Every structure is written in C-alpha cells, then in structure tokens.
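In: Got a predicted structure here, sequence first:
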Amino acid sequence: MSFKKDEMLIMPAVDIKDGKCVQLVQGKPGSEMVKIENPELVASHWQDLGAKNIHVIDLSGTIDGESSFEVIKKILKEVSIPIQLGGGIRDIDYAKKLLNLDIERIIIGTMGIQHPETITELSDEYGSERIMISLDSKDNKVVIKGWQEKIDKSPVELSQEFKEHGAGSILFTNVDVEGLLGGFYTQPVEDLKKSVDIPIVYSGGITTIDDIKKLNESGVEGIVIGSALYTNKIDLTEALKYQKR
C-alpha cells in the first residue's frame, strides 16, 4: 500500500527468528519476551484485526546470516495485504529475489549504507517506492550490522543523501528506546521529518495510544508496533482509529 499524505499507516511487526515470531529487547539475541510458532498465522491474525500492512523482519538473516526465505513465502501465501520486509538483505541478488516475490517494499540497512550504489540500482530497476532505507539510530548516530557498529553520521545527515540515491522511503528506528516499552523521544522524529520530503516510517518504543497520537501529529507516514501489541499494552483495533490524520 502506497503512503498517503492524509494517513499514517499502522503496521504490526512480525519478527522471525528460528522459524518463530519473536520480540527481542533492544534487538539482543536471547532476550525474547515473546516467542510464537507459525509466524504466518500471526501475520494473518493482524490482517484479520484490520491491519493494512505487515512489517516483517528476518532476524535470523540479520543476526545469524541464515535467511528465513521459506517462512517469508508462507507469510505471503497466508495474507493478502501488502508486506514490507527487511533483515539480512546483504547482497543485491537476494534483494532482487525478494522483490521478485509479491513483496511491496524491501528495507535495506547495512548493505545500502556501505554500498549506496545498490540502492540506486534497485530503485532504477524496481522503482523507488519499493526501496526503503533503514536508518537505525543510537545516541543520534546511525548503527549498522544488527545495531552492533556505529558510524559517524546522524539519520538527518544521511536522509537527503539516500533520497538522492533513489530510496523511496525511510524506516527510522530509535534503538535507544526500542523494545523497552517506555515510550519514545519526539525530537529525533521531528528533526528527521523536517530534513527530507520522502515518507518516513517510525519504529521504537511505541507503548501507548498516546504515543500513537503524538506520532500522528508529527506527520510520519507510518509506524511499526511490536512489543506493545504482543504484551497487550496496545489494542490494534483501538490503534487503527489513528491511521487518519
């Protein structure tokens, strides 16, 4: 589903590790607060509750370098709503393999930041709207390689650069608050929103309906909710009322 100016897409997260749907604390292996069999049925559940888009992350690909390709195909078979997918996309051939499936957009992090020309090539071949750059931030610096390595640039500094390389949207994750269920910081979101005019999807620390209201007011085009849905701190049906501006 393309982003719309009058709408903030609310996307449930389905993170895959070892064939299961999990939620990690700060992305750290072994910190699973949630572990559910059959990720495809989890995705179907969120669709049944009214989600218009599912955010899928292949943590096995990110952390272990082992693709969850078969699980991804099961999810695509089970749901009819669009999917955006990231995690473990480390070479351009695998990126193209995913784009040739029925995936709406892929999310590229480390590969794109280290080799920006890959963003340009994929954007030229598949269209910029199908290519999202992931700018994950810790202490206001972008982190790569599963949040293990920090580079000396902020998301704001990189945002315009990647628009020029052909990225059609940005996934902005604030690692400082991700998975902690303690809310989020508005300033980094507002700063990034002012820096570039392509759609921004925010992820990290969204814990209450009030957080969703604040993000709606910030103007971001989408948000990802993970742990708060799985621990029943946010009811998806209630959250979806705030998709419209």
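Out: That came through, no problem.
In: Show me the contact partners of the helix or strand of the chain with the lowest mean pLDDT.
Out: When the helices and strands of the chain are scored by mean pLDDT, DSSP states H and E, strand 149-150 comes last with a mean of 82. With Cβ atoms under 8 Å, 6 or more residues apart in numbering as the test, strand 149-150 has contacts from 138-139, 141-143. All C-beta atoms are positioned from the backbone trio N, CA, C, and that covers glycine.
In: any idea which of those is the one closest to residue 33?
Out: residue 138 (20.0 Å; Cβ to Cβ).
In: Skipping its backbone neighbours, what lies nearest the closest one in space?
Out: Nearest residue to residue 138, sequence neighbours excluded (Cβ to Cβ, 6 or more residues apart in numbering): residue 175, at 4.3 Å.
In: you'd agree that neighbour is up against residue 144?
Out: No. Between residue 175 and residue 144 there is no contact under Cβ atoms under 8 Å: 11.2 Å.
In: Pull up the overlap in contacts between those two.
Out: In contact with both residue 175 and residue 144: residue 136, using Cβ under 8 Å, 6+ apart.
In: can you map out the strands along the chain?
Out: With strands called from DSSP state E, the chain shows them at 9-17, 20-23, 34-36, 54-58, 83-86, 105-108, 131-138, 141-144, 149-150, 169-174, 200-203, 222-225.
In: What ranges in this structure fall below the confidence cut-off?
Out: 1, 26-27, 179-180 (pLDDT under 70).
In: Next, count neighbours for the residue nearest to residue 138.
Out: Neighbourhood size, residue 175 [other Cβ atoms under 10 Å]: 20.
In: wait, what's in contact with residue 225?
Out: Shown in contact with residue 225 (Cβ under 8 Å, 6+ apart): 10-13, 206, 212, 234, 236, 239.
In: burial count for residue 69?
Out: Residue 69 has 16 nearby residues by other Cβ under 10 Å.
In: Against residue 142, how distant is residue 157?
Out: In this view, residue 157 and residue 142 are 8 Å apart by Cβ to Cβ, to the nearest Å.
In: which of those two has more neighbours?
Out: Looking at residue 157 and residue 142 with other Cβ under 10 Å, you find the greater number of neighbours at residue 142, namely 23 against 15.
In: tell me which of the contacts of residue 225 is nearest to residue 106?
Out: Comparing the contacts of residue 225 against residue 106 with Cβ to Cβ places residue 11 closest, at 14.4 Å.
In: Tell me which residues touch that closest one, please.
Out: Shown in contact with residue 11 (Cβ under 8 Å, 6+ apart): 51, 53-55, 84, 201, 222-225.
In: would you turn the residues you listed into JSON lines with distance to residue 112?
Out: What follows is those, written out as JSON lines (distance: Cβ to Cβ, whole Å):
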{"residue": "51", "distance to residue 112": "26"}
{"residue": "53", "distance to residue 112": "21"}
{"residue": "54", "distance to residue 112": "22"}
{"residue": "55", "distance to residue 112": "18"}
{"residue": "84", "distance to residue 112": "15"}
{"residue": "201", "distance to residue 112": "15"}
{"residue": "222", "distance to residue 112": "19"}
{"residue": "223", "distance to residue 112": "21"}
{"residue": "224", "distance to residue 112": "18"}
{"residue": "225", "distance to residue 112": "24"}
